[in-house]
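# Here is a sequence together with a model predicted from it:
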Amino acid sequence: DAGITQSPRHKVTETGTPVTLRCHQTENHRYMYWYRQDPGHGLRLIHYSYGVKDTDKGEVSDGYSVSRSKTEDFLLTLESATSSQTSVYFCAISVEHNEQFFGPGTRLTVL
Amino acid sequence: GDSVTQMEGPVTLSEEAFLTINCTYTATGYPSLFWYVQYPGEGLQLLLKATKADDKGSNKGFEATYRKETTSFHLEKGSVQVSDSAVYFCALSPSGGYQKVTFGTGTKLQVIP
């Protein structure tokens, strides 16, 4: 257990509204990641961070932004949610050999 | 780019049957290889890993051997239990510092009593 929590755990929102998901870790890990999980696609990387204020895009970053103002928190924002962003979102951290530890996930439904 | 291909599921087995889930990869050099497991409603958990060729990762009765010559990392278990029902993901990460991880699409395993 790497002390990763995500909030909220479930959210239902409407198309066009902004949404922010939070990932919090308690063990000072440098690298943090946001993934989305969809049937038939496995996990796809949205954005990742390699330190405070240092972030980069993953393979499915369109429509998402991130921020990391503190080591322990990594925020994912959907500026204007769309139905295609209905998914389960996972936060993760990396340790040696890029072994990853995952949070419990946030189930987001965009109506 | 890097990629991971794993067998399509779902895989349905009777309790105590032998399990194999195939995984092959495409990557340059010598990546680290992983199997993760996801139980319903939870995040992924590392099941086992291998960081160099011919290494065997093992945990909870599961094993996988890093085969460079066949670019494979097949997951095996000699006798599955109902509690092994989950989704299994094969993954790789390039060697050398922190790198992004590439995941397969997952294989759902259902074990029936």
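Arrived safely, thanks for sending. Numbers count the residues shown, from 1 in each chain, chains lettered A, B, ... in the order given.
# what ranges of chain A fall below the confidence cut-off?
A:1-2 (pLDDT under 70).
# what's the residue closest to the geometric middle of it?
Closest to where the C-alpha atoms of chain A average out (C-alpha atoms, centre = their mean) is A:Trp34, at 3.1 Å.
# Pretty sure that one sits against A:Leu76.
Yes. Using C-beta atoms under 8 Å, A:Trp34 is in contact with A:Leu76, at 4.8 Å. Where C-beta positions appear, they are placed from N, C-alpha and C, glycine not excepted.
# Overlap in contacts, the two.
A:21, A:23, A:46-47, A:64, A:66, A:89, A:91 (C-beta atoms under 8 Å, 6 or more residues apart in numbering or on different chains).
# re the thing from before, and the residue nearest to the centre of chain A, what is it in contact with?
A:Trp34 sits in contact with A:21, A:23, A:45-48, A:58, A:64, A:66, A:74, A:76, A:89-91, where contact means C-beta under 8 Å, 6+ apart.
# any chance you could map the strands in the chain?
Chain wasn't specified; assuming chain A. Secondary structure of chain A (DSSP state E): strands at A:4-7, A:10-13, A:19-25, A:32-38, A:42-51, A:54-57, A:64-70, A:73-78, A:87-94, A:100-102, A:106-110.
# try again with chain B
Using DSSP E, strands in chain B cover B:3-6, B:11-14, B:19-21, B:23-26, B:32-38, B:45-50, B:56-59, B:62-65, B:75-77, B:86-93, B:102-103, B:107-112.
# other SSEs contacting the first one?
Looking back up the chat, that one is strand B:3-6. strand B:23-26, strand B:86-93, strand B:102-103 (3 or more C-beta pairs under 8 Å, 6 or more residues apart in numbering or on different chains; DSSP states H and E).
# To A:His97, which of these lies closest?
strand B:86-93 (7.0 Å; C-beta to C-beta).
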